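Enquirer: Show me how the following folds:
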Amino acid sequence: MRIAYFCSAYPAVSHTFILREVEALRRLGLQISTFSIRRTSEDQLLAETDRAAAETTTTILPFRRRQLGAHARLLLRAPRAYLASLRGALRLAPPGVRGRLWQLFYFAEAVVLWGACRKQGIRHIHVHLANAAADIALLASRIGSAVEPARPWSWSFTMHGPTEFHDLRHFRLAEKVESASFVVCISDFARSQLMSVTDPGRWDRLHVVHVGIPVDQFTRARDRNGAGRSPVILYIGRLVPEKGQTVLLEAVARLTERRIEVELQLAGDGVLRPELERTAARLGIADRVSFLGAVGQEELRELYEGASIFCLPSFAEGVPVVLMEAMAMGLPVVTTRIAGIPELVEHQRSGILVAPGRADELTDSLAGLLEEPGLRQSLGANGRRMVAAEFDSEGSASQLRTLFASQCPPS
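Expert: Model prediction:
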């Protein structure tokens with residue numbers, strides 16, 4: 001099977017799970033070609049695997065003469081298909097001049113994607129996230145089918161959430177489900193959200209396949225916390241409002257007031273970093289908080305190794321990969337009871353769940369774990385077993401391979 005994996009940006013620091021999925025599918029014998037709307041900047045290629053993936057990924061933007069030639073070839077070869085696809089693209093546009101203009105951009109990029117896939121003998125395109133890349137993949141598959149009606153193209157996408165559910169008109173989820181040959185949902189929660197905006201006659205297209213991690217690569221090699229060192233609470237992720245790091249800072253300040261010694265490490269970067277640094281200073285805990293910036297996969301393992309607790313206080317999530325990684329490393333996790341997280345973390349068995357935005361609950365849960373090493377150990381062990389059983393990348397890739405084999409057109 002020849003399949004295109006298409007993303008807005010590939011590889012990306014926050015989307016390592018896509019790279020792992022591609023590698024796992026290739027090990028199962030699928031021929032995966034990767035495409036990206038734009039090239040990832042050098043400063044975001046933090047690991048050797050990222051740099052290698054970037055070298056073999058075809059980018060759509062910026063347009064070059066060779067790519068613009070795809071439009072000329074399509075117009076000359078199939079002018080009716082070109083114009084019909086353009087009209088179809090404009091019919092999908094959101095209301096207003098801006099929406100139609102963006103749809104023209106998507107169409108222009110879709111023709112280039114179609115040309116690149118056709119050159120490699122690819123007739124199925126898969127996308128992660130129902131964003132701009134999904135719009136372009138939808139159009140590219142329609143162009144391919146219009147040019148060769150006897151050999152139709154298809155496309156599919158993986159639904160994560162929660163962003164795509166915030167503006168249903170903008171992301172047009174119902175139309176995308178209608179057009180896609182199938183949809184992968186990373187959780188039962190994500191599937192239920194799609195069911196709420198989709199015709200029941202299309203629910204059989206929605207398949208739950210967990211995003212996975214290579215569990216064997218996340219095995220703790222040494223004991224945490226050297227002698228005399230304060231316990232470390234670790235957070236990994238973008239520094240953005242929806243991740244709830246301010247609540248975590250407030251919890252650390254309250255732990256300090258209780259005379260509980262602790263350090264906080266925040267790995268990741270984002271627009272909220274200056275404000276978070278000011279908040280740490282205002283709360284009087286700046287000396288206990290380390291802002292580590294964006295880190296590559298090689299550095300993440302060391303952070304997990306040195307931590308006592310992993311905390312993700314998010315307000316909005318899908319099923320976070322960093323939680324899987326921390327649990328696989330045997331770290332006890334404290335996170336919020338939202339979206340698909342309870343499908344990964346069972347409260348008081350494989351981790352601790354708290355209400356989002358509740359600094360008091362978060363403080364009490366962290367304090368309880370810091371004061372009970374036995375509980376930390378049992379939660380960590382159960383968490384690893386859960387990830388190994390349900391969220392291993394090899395098992396997820398096997399499920400995806402079955403879907404691709406049954407739903408995609410032959411090359």
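Enquirer: tell me the domain boundaries of this structure?
Expert: Following automatic domain parsing, the chain resolves into domains at 2-212+393-407, 215-390.
Enquirer: Quick one: end-to-end distance for the first one.
Expert: If I follow you right, that is domain 2-212+393-407. Chord length of domain 2-212+393-407, first to last residue, is 13 Å (CA to CA, to the nearest Å).
Enquirer: And the shortest one, by the same measure?
Expert: Taking CA to CA, domain 215-390 runs 10 Å from one end to the other.
Enquirer: can you give me the strands for the stretch 101-250 of the chain?
Expert: Taking DSSP state E, counting those that start in this stretch as the test, the strands found in the stretch 101-250 of the chain are 124-128, 154-159, 182-185, 206-208, 232-236.
Enquirer: export those strands to CSV and tack on mean pLDDT and mean neighbour count?
Expert: C-betas here are computed from N, CA, C, even on glycine. Formatted as CSV, these follow (pLDDT from 0 to 100; neighbours: other CB atoms under 10 Å):
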stretch, mean pLDDT, mean neighbour count
strand 124-128, 97, 27
strand 154-159, 96, 25
strand 182-185, 97, 23
strand 206-208, 97, 18
strand 232-236, 98, 23
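Enquirer: Including distance to Ala89, could those go into TSV?
Expert: Below are these laid out as TSV (distance: least, CB to CB, whole Å):
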stretch	distance to Ala89
strand 124-128	15
strand 154-159	14
strand 182-185	21
strand 206-208	25
strand 232-236	39
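Enquirer: between these, which one is nearest to Gln217?
Expert: For Gln217, the closest of those is strand 232-236, at 15.5 Å, according to CB to CB.
Enquirer: Going by contacts, tell me the helices and strands next to the closest one.
Expert: Under the contact criterion of 3 or more CB pairs under 8 Å, 6 or more residues apart in numbering; DSSP states H and E, strand 232-236 touches helix 245-257, strand 263-267, helix 297-306, strand 309-312, helix 321-328.
Enquirer: same question for stretch 192-205, mean pLDDT?
Expert: For stretch 192-205, the mean pLDDT works out to 93.
Enquirer: That should have said stretch 367-374, apologies.
Expert: What stretch 367-374 shows for mean pLDDT is 96.
Enquirer: got the contact list for it?
Expert: The contact list for stretch 367-374 (CB atoms under 8 Å, 6 or more residues apart in numbering) reads 231, 255, 258, 260, 262, 308-309, 332, 334, 352, 375-376, 379.
Enquirer: Give the residue farthest from the middle of this protein.
Expert: Leu76 (38.9 Å; CA atoms, centre = their mean).
Enquirer: hang on, that one is in a helix, isn't it?
Expert: Yes: judged by DSSP: H, G, I helix; E, B strand; the rest coil, Leu76 forms part of a helix.
Enquirer: Tell me which helix or strand in the chain has the weakest average pLDDT.
Expert: Least confident helix or strand of the chain, by mean pLDDT, DSSP states H and E, is helix 168-171 with a mean of 66.
Enquirer: Apart from its chain neighbours, what residue comes closest to Leu74?
Expert: Among residues not flanking Leu74 along the chain, Tyr82 sits closest, at 5.0 Å (CB to CB, 6 or more residues apart in numbering).
Enquirer: what bits of the stretch 301-411 of the chain have low per-residue confidence?
Expert: Applying pLDDT under 70 to the stretch 301-411 of the chain picks out residues 411.
Enquirer: All the helices of it, residue numbers only.
Expert: 321-328, 359-371, 373-390, 393-407 (DSSP state H, counting those that start in this stretch).
Enquirer: list the helices and strands the shortest one packs on?
Expert: This means helix 321-328. Identification of packing neighbours for helix 321-328 by 3+ CB pairs under 8 Å, 6+ apart yields strand 232-236, helix 297-306, strand 309-312, strand 333-336, helix 373-390.
Enquirer: want to throw the ones you listed into TSV with distance to Gly284?
Expert: Listed next are the helices and strands packed on helix 321-328 as TSV, based on distance: least, CB to CB, whole Å:
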stretch	distance to Gly284
strand 232-236	17
helix 297-306	24
strand 309-312	20
strand 333-336	22
helix 373-390	26
